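**Q** Could you work out the structure for the sequence below:
(chains A and B)
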Amino acid sequence: MSRIPDASGGQGTPLGDLVVDQRGRRCPLPVIELARRITEVPVGGVVRVIADDPATTTDIPAWCRLCGHDLIEALPPAATEAWMTFRVRRLT
Amino acid sequence: MTSRTPSIAPPGYLDAASSEPLHHAAREVLATLLGVHGESPAPNLLDAAVWVDPTRRYGSARRAQILYDQARETVAHHLGCRSDEVSFTSSGTQAVHLGITGGLAGRRRIGDLLAASAVEHSAVLHSADHHRAGGGRTHLVGVDPLGRVELADWATAVAQPGVALACLQSANHEVGTRQPVAEAAEICLGAGVPLLVDAAQSVGRFEPLPTGWSILTASAHKWGGPAGVGVLAVRSGTRWRATGPVDEREAGRVPGFPGVALAMAAAAALEAQVTSADAEDVRLTRLVDRIRGEVASRVPHTEVLGDPIDRLPHIVTFSCLYVDGEAVLDELDRAGFAVSSGSSCTSSALEPSHVLVAMGALSQGNIRVSLPRGVRTADVEQFLDVLPGVVALVRAALGAPGS
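**A** Below you'll find the predicted structure:
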C-alpha cells in the first residue's frame, strides 16, 4: 500500500484512518490541527498525521503523552518521501 | 560595598544563562584600568599599565604579569587546580573547541572516537561535527526525560576501544538538570579515558565544582565577568596537543596577546560571586521553585522540564502546547521581559533544540527563564502575572483548541 495520503484530507483511507495532511505547515500548526481534528473520530478511532516539519518528531509524541492519547506508530521519512507519518489513537 | 546591588540587570532581564549582567566588581576593575574611576576605584590598580606586553623585561611589564598571574591564580583556586593548568581564551566556545581538538589530538594514537552526552552545548556538538568532518568518529550518549545522561550508556560508550576523549557538561544550560559528573568521571577513570567537563553554567555558583576532570572549560560572562574571557584548564599529565599554530602565550595552548584587563575583571567578578553565592543561590533556587509551581498551575497544557530538585539554582524551562515560541518571546519582550526559547519556531532554527529532542520533551512554545543574581522578586512576580495572558493571546491568534 502506498504511504501517499489521500489528497482530499479527511476522507477515509484503506486503513480507515482520518488523514490530516500537514505537509508544508510549521510548528506548532500540525499539533494544533491534530488536536482539533481528533474530535472528529470516535474514541478508539485513529488519526493519521502526515507532516514534514522536523519539530513534529518530538511534538506529536509529546502531545500524545500530555493529552492522554496513544501514538500507535511514527514512521520516519522514507528514502523517496520527505515526510513523516504518525498514527494516533484517540483514547479520551 | 555589600549593600550595593551586585550587578546591574535591566528590569525584566531573565536570560542569565545566555549572559549574566556584569558584576560591579568587574565594572570597577575595568573602570579603574581605563582611568574612568567611579566612586570606588581600586587603589592598587590606579597606575597599572595593563596594555603593555606582560612578557617583556621592564617594570611595567612585570607588574602587568603579576596582575595577570593573580587573575589566573584566582580562577585556578576556584576550579581546584594549579594556576599553571589554567589558560585564558577569548570565549567559552573557544575554550571548548581548543579543549576538544587538543584532547583528541593528544590521544590520536589511542583512537579517534569522541564520546559526549547528547545534550552538550552547541560548542561541543560543533566540535564533534568538525571531528567527523576530519574523518573522526563520535558517539552521543542519550539522556533520560529529565535531561540527565544515562550512566549505563555512558559506561558502554567510554569502554569502547579507541575512545580518545569524553565530554560531559556540569549541568544543562537549557533545562538546568545537573549531570552525574562524579560518577561519569569514575567510569572514565576506570576506562582510562580523559574527561572534559564544560562547567560554563556552574562556575561561580555556591555548589562544589566537579572533580575528576582532565580538561575543564568555562566562560566569564556566565558568572558576571566581561565577555571576551574563557577558561581552559588542562590538568598536568593530560595528553593535549595543539592542532593549530602556536606561540609562547598561555603555555602554548592559546595563541595571541593576552587580555590582561579583561582577565582581571573576570577574576574579580568570580571572587565576588563566590563570596556571596551561598545566600543568593538559595534565594534563586526558591524563586525557580515558585516559577515551576506557578507556571504549571496557571498556564494550562504546559510541561515544566528538567529535574525539579537536582538542578542549577537559576534555570527553569517549560513548553506550552499550541503556541509558537517566537510569538511568545515577542509578546514577552513587548511586556518588558527578556527570556529565550529552544523552539524551532524561533528564528534561524529549522530544528528544535537538540536538548529538548534528546529528552523527548515538547519543543513548541518553549521558554527558558534564567534568573540573574540580584534579580528583583517583583520582576519574577510580574512575569508570572503576565505569562498566562501572553500564552492565551498567542493560542487564540493561532486558533488553538479551547482558546
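**Q** Next, the distance between the ends of stretch B:333-340.
**A** Between the opening and closing residues of stretch B:333-340 lies a distance of 10 Å (Cα to Cα, to the nearest Å).
**Q** Buried ones in that stretch, by neighbour count?
**A** Neighbour counts using 16 or more other Cβ atoms under 10 Å in any protein chain shown place B:337, B:338, B:339, B:340 of stretch B:333-340 among the buried residues. For every residue, glycine as well, the C-beta is placed using N, CA and C.
**Q** and the top helix by length along chain A, does that touch chain B?
**A** Identified as the longest helix of chain A according to DSSP state H is helix A:56-67. Yes: for helix A:56-67, a contact with chain B is found by Cβ under 8 Å from any Cβ of the partner chain, at A:57, A:58, A:59, A:61, A:62, A:63, A:66, A:67.
**Q** residue ranges for the helices of the chain, please.
**A** Chain wasn't specified; assuming chain A. Taking DSSP H as the test, the helices found in chain A are A:29-37, A:56-67.
**Q** if you could check chain B rather than the one you did, that'd help
**A** Per DSSP H, chain B has helices spanning B:24-34, B:59-79, B:92-106, B:122-133, B:151-159, B:181-191, B:260-298, B:325-334, B:354-359, B:377-398. These are given in chain order.
**Q** quick one on the thing from earlier: do you know which of the helices of chain A lies nearest residue B:213?
**A** Ranking the helices of chain A by proximity to residue B:213 (Cβ to Cβ) places helix A:56-67 first, at 31.2 Å.
**Q** Residue B:123 is in contact with residue B:96, isn't it?
**A** Yes: A contact is recorded between residue B:123 and residue B:96 when judged using Cβ atoms under 8 Å, the distance being 3.9 Å.
**Q** Please identify which of the two sits among more neighbours.
**A** residue B:96 (30 against 23; other Cβ atoms under 10 Å in any protein chain shown).
**Q** so what's that one up against?
**A** The contact partners of residue B:96, by Cβ atoms under 8 Å, 6 or more residues apart in numbering or on different chains, come to B:121, B:123, B:124, B:127, B:196, B:198, B:217.
**Q** ok, now with 7 Å
**A** Shown in contact with residue B:96 (Cβ atoms under 7 Å, 6 or more residues apart in numbering or on different chains): B:121, B:123, B:124, B:127, B:198, B:217.
**Q** ok, now residue A:35?
**A** Counting by Cβ under 7 Å, 6+ apart, residue A:35 makes contact with A:63, B:322, B:401.
**Q** Buried among these? Need that as a selection in ChimeraX.
**A** Buried members of the contacts of residue A:35, identified by 16+ other Cβ under 10 Å, are gathered into one ChimeraX selection as follows:
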select /A:63 /B:322,401
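**Q** could I get the contacts of residue A:35 as a markdown table with pLDDT?
**A** A markdown table is the format used below for these (pLDDT from 0 to 100):
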| residue | pLDDT |
| --- | --- |
| A:63 | 96 |
| B:322 | 97 |
| B:401 | 90 |
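**Q** As JSON lines, the contacts of residue A:35 with distance to residue B:71 would be great.
**A** Rendered in JSON lines, the data for the contacts of residue A:35 read as follows (distance: Cβ to Cβ, whole Å):
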{"residue": "A:63", "distance to residue B:71": "50"}
{"residue": "B:322", "distance to residue B:71": "49"}
{"residue": "B:401", "distance to residue B:71": "56"}
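**Q** Can you tell me which of the contacts of residue B:96 lies closest to chain A?
**A** Chain A has its nearest neighbour among these in residue B:121, at 19.5 Å by Cβ to the nearest Cβ.
**Q** is it true that residue B:81 touches residue B:233?
**A** Yes: if you go by Cβ atoms under 7 Å, residue B:81 and residue B:233 touch, sitting 5.4 Å apart.
**Q** higher neighbour count, those two?
**A** Neighbour count, other Cβ under 10 Å: between residue B:81 and residue B:233, residue B:233 has more, with 26 against 19.
**Q** wait, what's in contact with that one?
**A** B:79, B:81, B:85, B:86, B:215, B:216.
**Q** before we move on, what about residue B:390?
**A** Residue B:390 touches B:328, B:331, B:332, B:335, counting by Cβ under 7 Å, 6+ apart.
**Q** neighbour-wise, which of those leads?
**A** Counting neighbours by other Cβ under 10 Å, residue B:328 leads these with 26 neighbours.
**Q** Residues of chain B that sit close to chain A?
**A** Applying Cβ under 7 Å from any Cβ of the partner chain, one finds that chain B approaches chain A through B:301, B:303, B:321-324, B:343-345, B:350-352, B:356-357, B:360-365, B:398-401.
**Q** Is there a neighbour count for residue B:18? I'd like the number.
**A** One way to gauge burial is a neighbour count; for residue B:18, by other Cβ under 10 Å, it gives 14.
**Q** from memory it sits against residue B:342, does it?
**A** No: when contacts are counted by Cβ under 7 Å, residue B:18 is not listed as touching residue B:342 (11.9 Å).
**Q** Show me which residues of stretch B:177-184 are buried.
**A** B:177, B:178, B:179, B:180, B:181, B:184.
**Q** And stretch B:9-18, by the same measure?
**A** Neighbour-count burial for stretch B:9-18, with 16+ other Cβ under 10 Å as criterion, is recorded at B:9, B:12, B:13, B:14, B:15, B:16, B:17.
**Q** sorry, back to before: looking at the buried residues of stretch B:333-340, spot the one nearest chain A.
**A** Distances from chain A to these, taken by Cβ to the nearest Cβ, are shortest for residue B:340, at 16.5 Å.
**Q** What sits closest to the closest one if chain neighbours are left out?
**A** Across the structure, with Cβ to Cβ, 6 or more residues apart in numbering or on different chains as the measure, the residue nearest residue B:340 apart from its sequence neighbours is residue B:368 (4.9 Å).
**Q** That neighbour against residue B:172, yeah?
**A** No: counting by Cβ under 7 Å, residue B:172 is not a contact partner of residue B:368; they are 10.6 Å apart.
**Q** out of the two, which sits in the busier spot?
**A** residue B:172 (31 against 25).
**Q** for that one, what are its contacts?
**A** When contacts are counted by Cβ under 7 Å, 6+ apart, residue B:172 is found next to B:119, B:147, B:355.
**Q** tell me the contacts of the closest residue to residue B:199 other than its chain neighbours?
**A** Leaving out its chain neighbours, the residue that sits closest to residue B:199 by Cβ to Cβ, 6+ apart is residue B:170, at 4.3 Å. Residue B:170 makes contacts with B:179, B:181, B:197, B:198, B:199, B:201, B:202, B:210, as judged by Cβ under 7 Å, 6+ apart.
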